[in-house]
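Undergrad: the following comprises the amino acid sequence and a computationally predicted model.
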Amino acid sequence: MKSRIASATVLAAALFLAGCGETLEDIAPKAERQLPAHIVQTMKAKGMSKGSPIMMRIFKEEGVLEVWKQKHNGRYEKVTSYDICKWSGKLGPKYTEGDRQAPEGFYRVGPAQMNPKSSYHLAFNIGFPNNYDRANGRSGQHLMVHGACSSAGCYSMTDKQVEEIYAFARDAFRGGQQAFQVQAFPFRMTAENMARYEGDPNYDYWKMLKEGYDHFEITRQPPKVDVCERRYVFNRVPAEGAVFSPTEMCPPSRQPESLVTAYQSYQKEFAVAFAEAKKKRSKPERKPSILGQKEAVLVADWSKRRARGERVSAEPPSLAPVAVAAAAPPQSTPVTAFRAETASDPAVGAQQTAGTSQTTVSDARSQVGAPQVQAEALPVPTPNPSRFGGSAESAAEPAASRLSRIWNLFGN
């Protein structure tokens with residue numbers, strides 16, 4: 001009898017320590033599950049070890065999280081990808097606490113950000129806000145990749161998916177990696193997609209992210225990321241004694257000569273593809289995007305009132321105009337709103353573009369007051385211009401799936 005009481009006491013204590021709603025399994029075992037045999041075989045075939053470094057890429061519009069792993073030659077190759085179960089908000093960056101936006105940008109995840117006892121099965125904090133976010137006055141906390149397929153600003157996966165994603169990170173840390181990079185984008189930054197979203201209020205921000213995206217496409221290595229003048233800069237080495245400060249002028253810096261040459265060639269190829277994409281009469285419909293700080297504040301206020309139990313609209317407020325059709329088809333919904341090519345309020349554009357970076361090395365040299373970029377001879381792989389047009393992986397999803405994904409944008 002005493003033995004049964006003691007066991008029950010231990011069980012109750014374990015459940016208490018695990019947190020509200022947790023079970024004994026939430027204490028750790030699921031965080032130790034191994035990768036499936038077919039993924040292990042894929043890694044071996046690609047020249048990767050179990051503990052080699054990783055990085056991840058997220059694409060909102062396509063709803064995909066990719067896991068990349070370093071090969072024996074130092075370059076990264078994609079191991080696998082997962083359909084994101086749910087993410088909330090719209091295309092565009094996160095501005096403020098409560099705006100329900102899943103972040104976009106370049107983030108670092110270290111061992112301390114891993115949570116094996118998450119109430120959402122397993123989770124890791126992506127590291128928002130980073131130096132760029134803080135320099136631009138953006139706020140928010142606890143932005144995760146987690147399980148449970150429920151999101152209010154996070155990237156949510158199924159429990160089975162997050163177990164595998166967690167295992168990739170766990171093994172890389174045990175292999176010696178200090179932190180892995182998470183690159184979160186609105187969409188695959190192909191010429192077609194950039195042409196499609198030209199004129200969007202977030203376009204200048206996306207062009208800044210694209211420089212880092214392009215560097216990875218060229219080198220197949222995660223770019224070195226710094227922040228100065230409230231903007232991202234990539235693969236730059238400051239002059240001796242100089243440092244990058246998020247809110248200060250960018251110091252004199254240099255890039256590998258081979259990267260400068262490869263990037264310029266890549267941009268020329270991209271410009272041709274971009275011009276051709278703009279000529280196309282028929283383009284896929286744009287997905288909704290956030291209209292800057294003003295809309296973020298509106299949504300944050302809506303979130304607070306909703307949390308207090310006040311009566312609010314079923315969907316978060318938006319500054320986007322809504323198309324009113326004379327005879328709407330039976331299946332039309334409020335989600336079929338269209339977005340203006342540019343924000344109607346100049347203040348929105350000013351908020352959005354604060355901290356825009358240069359998109360090419362040659363542009364950077366021509367900017368008044370910009371630091372001089374010097375070349376440093378280092379080897380770098382040649383670019384692969386075939387990626388400009390996308391691939392089978394980025395093909396348009398079926399209409400029913402697209403509609404389902406649109407409905408899921410706002411989380412619970």
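TA: Structure received. Residues are numbered from 1 along each chain as shown.

Undergrad: hang on, R236 packs against S253?
TA: Yes - counting by Cβ atoms under 8 Å, S253 is a contact partner of R236 at 3.9 Å. The C-beta positions use only the backbone N, C-alpha and C, and glycine is treated the same way.

Undergrad: hey, which helix or strand in the protein has the poorest pLDDT?
TA: Using mean pLDDT, DSSP states H and E, helix 361-366 stands out as the lowest-scoring helix or strand of the chain, at a mean of 35.

Undergrad: poorly predicted segments of the stretch 51-200 of the chain, please.
TA: Across the stretch 51-200 of the chain, nothing is flagged by pLDDT under 70.

Undergrad: what segments of it are strands?
TA: Using DSSP state E, counting those that start in this stretch, the strands of the stretch 51-200 of the chain run over residues 54-59, 64-70, 76-83, 86-87, 105-109, 114-115, 123-125, 144-146, 155-156, 180-185.

Undergrad: run through who's touching the fifth one.
TA: By that I understand strand 105-109. Residues outside strand 105-109 that contact it (Cβ atoms under 8 Å, 6 or more residues apart in numbering) are 93, 124-128, 130, 132-133, 169, 179-184, 209, 212, 223, 225, 232.

Undergrad: measure stretch 112-128 end to end?
TA: 14 Å (Cα to Cα, to the nearest Å).

Undergrad: roughly how far is it from the heart of the chain?
TA: A distance of 16 Å separates the C-alpha centroid of stretch 112-128 from that of its chain, computed with Cα atoms, centre = their mean, to the nearest Å.

Undergrad: also stretch 65-85?
TA: Taking mean C-alpha positions (Cα atoms, centre = their mean), stretch 65-85 and its chain are 15 Å apart.

Undergrad: so who does the nearest residue to A148 once chain neighbours are set aside touch?
TA: If the residues on either side of it in the chain are set aside, A148 comes closest to Y120, at 4.1 Å by Cβ to Cβ, 6 or more residues apart in numbering. The contact partners of Y120, taken as Cβ under 8 Å, 6+ apart, are 144, 146-148, 150, 156, 162.

Undergrad: and what of M48?
TA: Here M48 is in contact with 69-72, 77, 79 (Cβ under 8 Å, 6+ apart).

Undergrad: what subset of these is buried?
TA: 69-71, 79 (16 or more other Cβ atoms under 10 Å).

Undergrad: would you turn those residues into TSV with distance to V109?
TA: Formatted as TSV, these follow (distance: Cβ to Cβ, whole Å):
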residue	distance to V109
K69	15
Q70	16
K71	21
V79	17
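
Undergrad: for P116, see how far away Q177 is.
TA: 18 Å (Cβ to Cβ, to the nearest Å).

Undergrad: ugh, typo on my part, it should be L35
TA: For L35, the distance to P116 - Cβ to Cβ - is 16 Å.

Undergrad: now the helices for the protein?
TA: 2-18, 37-45, 131-135, 159-174, 191-196, 203-219, 257-279, 292-307, 346-353, 361-366, 399-407 (DSSP state H).

Undergrad: compare the mean pLDDT across those helices and name the weakest.
TA: When mean pLDDT is averaged over each of the helices of the chain, helix 361-366 scores lowest at a mean of 35.

Undergrad: please report the distance of M194 from T42.
TA: M194 is 31 Å from T42, by Cβ to Cβ.

Undergrad: so these two - more neighbours on which side?
TA: A direct count of neighbours by other Cβ atoms under 10 Å for M194 and T42 places M194 higher, at 21 against 17.

Undergrad: skipping adjacent residues, who's closest to the more buried one in space?
TA: Using Cβ to Cβ, 6+ apart, the closest residue to M194 is F274 (6.1 Å).

Undergrad: wait, doesn't that neighbour sit right on A191?
TA: Yes - proximity of F274 to A191 meets the contact threshold set by Cβ under 8 Å, at 4.4 Å.

Undergrad: residues contacting V79?
TA: 39, 42-43, 46, 48, 67-69, 168.

Undergrad: repeat the analysis, applying 6 Å as the threshold.
TA: For V79, the contact set (Cβ atoms under 6 Å, 6 or more residues apart in numbering) comprises 67, 69.

Undergrad: ok, now how distant is it from M189?
TA: From V79 to M189 the distance is 21 Å (Cβ to Cβ).

Undergrad: and the closest residue to R134 other than its chain neighbours, how many neighbours?
TA: Excluding the flanking residues, the one nearest R134 by Cβ to Cβ, 6+ apart is P246, at 6.8 Å. A count of nearby residues for P246, using other Cβ under 10 Å, gives 19.

Undergrad: Q178 too?
TA: For Q178, using other Cβ under 10 Å, the count is 10.

Undergrad: for it, which non-adjacent residue is spatially closest?
TA: Per Cβ to Cβ, 6+ apart, closest to Q178 is G110, 6.6 Å.

Undergrad: surely that neighbour touches Q181?
TA: No - proximity of G110 to Q181 does not meet the contact threshold set by Cβ atoms under 6 Å, at 11.0 Å.

Undergrad: more neighbours: which of those two?
TA: Between G110 and Q181, counted using other Cβ under 10 Å, the more crowded position is Q181 (23 against 15).

Undergrad: for the more buried one, what are its contacts?
TA: Counted by Cβ under 6 Å, 6+ apart, Q181 has contacts 55, 222.

Undergrad: again, but for H121
TA: Per Cβ under 6 Å, 6+ apart, neighbours of H121: 147-148, 159, 162.

Undergrad: Q113 now?
TA: 124-125.

Undergrad: again, 7 Å this time
TA: Q113 is in contact with 124-125, 127, counting by Cβ atoms under 7 Å, 6 or more residues apart in numbering.

Undergrad: so which of those residues comes closest to D204?
TA: G127 (23.1 Å; Cβ to Cβ).
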